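**Student:** Turn this into a structure:
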Amino acid sequence: MTLRIAIALVTLAACDLGRAQPADPLALRIEAVLAKAPSAQVGVLVAELPSGRTRFERHPDLPLKPASVLKLLTTAAAIQHLGPDFSYQTELYLSGDELWVRGAGDPGLGDPRLEERGGPALERLFDDWAQAIAGRGATSISRIVIDDSIFDTVHRHPDWPAAQADRWYQAPVGGVNINDNCLDVAWSLRGESVALRLRPPPPDDFYRNRLRPGAKTSARVQRPADSDVFEFTGTVSGGGSLQPAAVGDPTVFFGHVLRHALQQRGIDAGGPVVRRRLTAEAIAGATLIAIHRTALEDVLWRCNAFSQNLFAECLIKSLAAYGAGGQRGDTPGSWDVGVRVVVREMERLGVDPRGASIRDGSGLSHENRLTARQVVAVLAAMARGPDARPFLDSLAQPGQPGTMRSQFADRRLLGRMRGKTGTIQGVKALAGCIDTADGGMLAFALLVNGAAPDALPLGLCHLLADAGPPP
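**Tutor:** Numbering: from 1, shown residues only. The predicted structure is shown next:
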């Protein structure tokens, strides 16, 4: 985050956003870009900083589908409610010959991007847990008990299309999660057979490999909606990989992957995996052997820079499961209560929620609605507070790892822009802040519902980056 961004957005929060001057060349150029989407509903607000003067607006108070731009509200509310120093803590206990896992709603356990950022690799994590068990003199586990009660048992939002339940972007939301609640798939040919490489490695009865060598590759992975078993079908002509596939029940998947990993490391864990709520009295009589932590700052980065839906949904349920300041509560986190907390935190930030409709945390639901003015107000309100750095540092940047790495990697934007992208069917959205060519600063939100060129958001960014002073 540049100092200019922080200072400019702070100033915006206190300014009256006046109407743009008709003769402003920037406004005329933006109108020309928006004319390429004549049938779409468009909400736009572009504000000059630090004056707060509106350089352009079109329907800034029209509620529209925001897609993943909604994550700006989810992450802002998480910082406000949980506190910037919050971390998820997944706890492992031994109680007799049982292994207990107390979930915290952490979306980051085993996440490959967090591993690249310096987090523990999944294989190393399993090594450490196996060593922690063996270090207590335990060589046999009669039962693995998973407490996932931090969240409710509604793993998929009812607004999400059921036909896409096995897609990675619709991964189910659980009190325990691993590898983004997805199975990563790659394969290689071994003579007349096809060998699979799966992450995390599941037990053999969690997949059926029906892939076979062929003249071309037509591999496919499916998981029936009522099943935890993945089915691989089709032919392959060489090595390759598929998009990650979402699991069914995240607790079932986590528990059996953990049991399989422990067995591979010499721990006899052939007993059942069960779901059970662990009471405070029970925990007091058990032995804590390991804690896995994921910092909120890392979750924000995965959520905003990469637009990772699971992370956003865990955050919004966490708003309901944890009290102010990040204290674990007694009521399982749910979407309904999490949404109420988001609205409350927006009001605390001075953002008028009228017209907004929030259904989930990621923006995947087509029932979500926000206005361009609300989005810009969130950016401004967060920047003027003490937690500006973790919020703004979580946003995507052109040329950097995340959703802006390639499409926005333009010399006019490198080092000059931070933002949040958003795309679902029929929706293109973008919001953020950008340094202009004349040394100024603009904050903006663009919400497009309907047919529009894919390059429209980038075209707007080019205009903002090249903008001169107002008339």
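**Student:** Between the two ends of stretch 209-229, what distance do you get?
**Tutor:** In stretch 209-229, first residue to last residue: 11 Å (C-alpha to C-alpha, to the nearest Å).
**Student:** got the buried residues for it?
**Tutor:** By neighbour count on 16 or more other C-beta atoms under 10 Å, the buried set for stretch 209-229 is 209, 211, 217, 219, 221, 223, 228. C-betas here are computed from N, CA, C, even on glycine.
**Student:** try stretch 422-441
**Tutor:** Within stretch 422-441, the residues scored as buried using 16+ other C-beta under 10 Å are 422-424, 427-436, 440-441.
**Student:** got it, and stretch 233-252?
**Tutor:** Result for stretch 233-252 [16+ other C-beta under 10 Å]: buried residues 234, 236, 242, 244, 245, 246, 247, 248, 249, 250, 251, 252.
**Student:** if we look at stretch 263-281, which residues are touching it?
**Tutor:** With contacts defined as C-beta atoms under 8 Å, 6 or more residues apart in numbering, stretch 263-281 is touched by 93, 99-100, 102, 126-127, 130, 133-134, 138-149, 201, 251-252, 255-256, 258-259, 262, 286.
**Student:** Dump that stretch to PDB, restricted to CA.
**Tutor:** Output of stretch 263-281 as PDB, limited to C-alpha atoms (Å, rounded to 0.1, in the frame of the first residue of the first chain):
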ATOM      1  CA  GLN A 263      -1.400 -44.800   8.700                       C
ATOM      2  CA  GLN A 264       1.100 -44.000   6.000                       C
ATOM      3  CA  ARG A 265       3.300 -42.600   8.800                       C
ATOM      4  CA  GLY A 266       3.200 -45.700  11.000                       C
ATOM      5  CA  ILE A 267       0.300 -44.800  13.300                       C
ATOM      6  CA  ASP A 268      -2.300 -47.600  13.500                       C
ATOM      7  CA  ALA A 269      -5.500 -45.500  12.900                       C
ATOM      8  CA  GLY A 270      -7.700 -48.100  11.300                       C
ATOM      9  CA  GLY A 271     -10.700 -47.300  13.500                       C
ATOM     10  CA  PRO A 272     -13.700 -45.200  12.600                       C
ATOM     11  CA  VAL A 273     -13.900 -41.500  12.000                       C
ATOM     12  CA  VAL A 274     -16.800 -39.900  13.900                       C
ATOM     13  CA  ARG A 275     -18.300 -36.400  14.300                       C
ATOM     14  CA  ARG A 276     -18.800 -35.300  17.900                       C
ATOM     15  CA  ARG A 277     -19.100 -32.000  19.700                       C
ATOM     16  CA  LEU A 278     -16.400 -31.800  22.300                       C
ATOM     17  CA  THR A 279     -17.500 -30.100  25.500                       C
ATOM     18  CA  ALA A 280     -15.300 -27.900  27.600                       C
ATOM     19  CA  GLU A 281     -15.300 -30.500  30.300                       C
END
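**Student:** what's the average pLDDT for that stretch?
**Tutor:** Averaging pLDDT along stretch 263-281 gives 95.
**Student:** ok, now how distant is residue 462 from residue 437?
**Tutor:** Note on residue 462: its distance to residue 437, by C-beta to C-beta, to the nearest Å, is 11 Å.
**Student:** and the two most separated of the buried residues of stretch 209-229?
**Tutor:** 217 and 228 (26.1 Å; C-beta to C-beta).
**Student:** So which of the buried residues of stretch 422-441 are in strands?
**Tutor:** Per DSSP state E, strands hold the following members of those: 422-424, 427-435, 441.
**Student:** what would those look like in TSV with distance to residue 403 and pLDDT?
**Tutor:** Converted to TSV, those look like this (distance: C-beta to C-beta, whole Å; pLDDT from 0 to 100):
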residue	distance to residue 403	pLDDT
422	9	97
423	9	96
424	13	96
427	15	97
428	13	97
429	12	98
430	10	98
431	12	98
432	11	94
433	16	88
434	16	93
435	20	89
441	22	79
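**Student:** ranges for the helices of this structure?
**Tutor:** 3-13, 25-34, 71-82, 112-116, 122-135, 250-264, 280-284, 296-304, 309-321, 335-348, 372-384, 388-393, 456-465 (DSSP state H).
**Student:** picking up where we left off before, which two from the buried residues of stretch 422-441 end up farthest apart in space?
**Tutor:** 424 and 440 (32.2 Å).
**Student:** coming back round to it: got CSV for the ones in strands among the buried residues of stretch 422-441, with distance to residue 157 too?
**Tutor:** Output for those, formatted as CSV (distance: C-beta to C-beta, whole Å):
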residue, distance to residue 157
422, 17
423, 18
424, 13
427, 17
428, 22
429, 19
430, 24
431, 22
432, 26
433, 30
434, 32
435, 37
441, 36
